[in-house]
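> one predicted model, sequence on top.
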Amino acid sequence: FQTPLVTAPRIAPNLWFKLESCLPTGSYKDRFVAAELARVMAQRRSLCLATSSGNTGSSLAAHCARHGLACVILVN
(Lines give C-alpha, C1' and ligand atoms only; values in the text may rest on other atoms or scores of the structure.)
Protein backbone atom coordinates (compact mmCIF):
# COMPACT_ATOMS: atom_id res chain seq x y z
CA PHE A 1 0.00 0.00 0.00
CA GLN A 2 1.16 3.49 -0.78
CA THR A 3 0.35 5.50 2.34
CA PRO A 4 1.59 9.07 2.78
CA LEU A 5 4.69 9.93 4.77
CA VAL A 6 4.64 12.93 7.10
CA THR A 7 7.41 14.55 9.07
CA ALA A 8 7.53 15.12 12.80
CA PRO A 9 9.79 18.18 13.15
CA ARG A 10 8.91 18.73 16.82
CA ILE A 11 10.21 15.27 17.69
CA ALA A 12 13.17 15.01 15.32
CA PRO A 13 14.02 16.78 12.05
CA ASN A 14 14.49 13.57 10.06
CA LEU A 15 11.72 11.44 11.56
CA TRP A 16 8.94 10.29 9.24
CA PHE A 17 5.67 8.50 9.94
CA LYS A 18 3.42 6.52 7.61
CA LEU A 19 -0.26 7.48 7.80
CA GLU A 20 -1.69 4.00 8.21
CA SER A 21 -5.15 5.50 8.70
CA CYS A 22 -5.15 5.95 4.90
CA LEU A 23 -5.22 2.17 4.39
CA PRO A 24 -8.46 0.68 2.95
CA THR A 25 -10.19 -0.01 6.28
CA GLY A 26 -8.34 2.68 8.23
CA SER A 27 -6.59 0.03 10.31
CA TYR A 28 -2.88 -0.67 10.57
CA LYS A 29 -3.87 -4.36 10.43
CA ASP A 30 -4.50 -4.02 6.66
CA ARG A 31 -0.81 -4.61 5.89
CA PHE A 32 -0.71 -7.92 7.76
CA VAL A 33 -4.07 -9.04 6.36
CA ALA A 34 -3.08 -8.22 2.76
CA ALA A 35 0.13 -10.24 3.11
CA GLU A 36 -1.67 -13.20 4.66
CA LEU A 37 -4.45 -13.15 2.05
CA ALA A 38 -1.85 -13.20 -0.71
CA ARG A 39 -0.56 -16.45 0.81
CA VAL A 40 -4.10 -17.84 1.17
CA MET A 41 -4.98 -17.03 -2.44
CA ALA A 42 -1.70 -18.50 -3.71
CA GLN A 43 -2.77 -21.77 -2.06
CA ARG A 44 -6.14 -21.45 -3.86
CA ARG A 45 -8.11 -21.51 -0.61
CA SER A 46 -11.74 -20.41 -0.69
CA LEU A 47 -12.29 -19.67 3.02
CA CYS A 48 -10.62 -17.65 5.75
CA LEU A 49 -11.28 -18.60 9.36
CA ALA A 50 -10.00 -16.42 12.17
CA THR A 51 -10.57 -15.29 15.74
CA SER A 52 -10.69 -11.60 16.48
CA SER A 53 -12.13 -9.07 18.84
CA GLY A 54 -11.58 -6.02 16.68
CA ASN A 55 -9.41 -4.53 13.97
CA THR A 56 -8.02 -7.76 12.56
CA GLY A 57 -11.47 -9.21 12.02
CA SER A 58 -12.90 -6.13 10.34
CA SER A 59 -9.85 -5.80 8.12
CA LEU A 60 -9.93 -9.49 7.19
CA ALA A 61 -13.65 -9.39 6.42
CA ALA A 62 -13.24 -6.35 4.16
CA HIS A 63 -10.27 -7.79 2.27
CA CYS A 64 -11.96 -11.18 1.85
CA ALA A 65 -15.06 -9.48 0.46
CA ARG A 66 -12.89 -7.54 -1.97
CA HIS A 67 -11.34 -10.77 -3.27
CA GLY A 68 -14.51 -12.87 -3.18
CA LEU A 69 -13.35 -15.19 -0.40
CA ALA A 70 -15.68 -16.57 2.24
CA CYS A 71 -14.76 -15.31 5.70
CA VAL A 72 -15.70 -16.65 9.15
CA ILE A 73 -14.68 -14.62 12.19
CA LEU A 74 -15.09 -16.12 15.66
CA VAL A 75 -15.37 -13.39 18.28
CA ASN A 76 -13.67 -14.29 21.52
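Yep, it's here.
> local confidence estimate at the spatially most central residue of the chain?
Closest to where the C-alpha atoms of the chain average out (CA atoms, centre = their mean) is D30, at 0.9 Å. Turning to D30, the model gives it a pLDDT of 94.
> what sits against it?
Counting by CB atoms under 8 Å, 6 or more residues apart in numbering, D30 touches 1, 20, 23-24, 59, 63. C-beta here means a position set from N, CA and C on the backbone, and glycine is covered the same way.
> now swap in S59 and tell me
25, 27, 29-30, 32-33.
> redo that, cut-off 10 Å
23-34, 37, 52 (CB atoms under 10 Å, 6 or more residues apart in numbering).
> in stretch 19-26, which residues are buried?
23, 25 (16 or more other CB atoms under 10 Å).
> how about stretch 63-76?
63-64, 69, 71, 73.
> ok, the contacts of D30 vs R44, which is closest?
Nearest to R44, judged by CB to CB, of those is H63 at 16.7 Å.
> I'd like the next helix or strand past whichever helix or strand the closest one is part of.
Counting by DSSP states H and E, the element that carries H63 is helix 55-67. Using DSSP H and E, the next helix or strand after helix 55-67 towards the C-terminus is strand 70-75.
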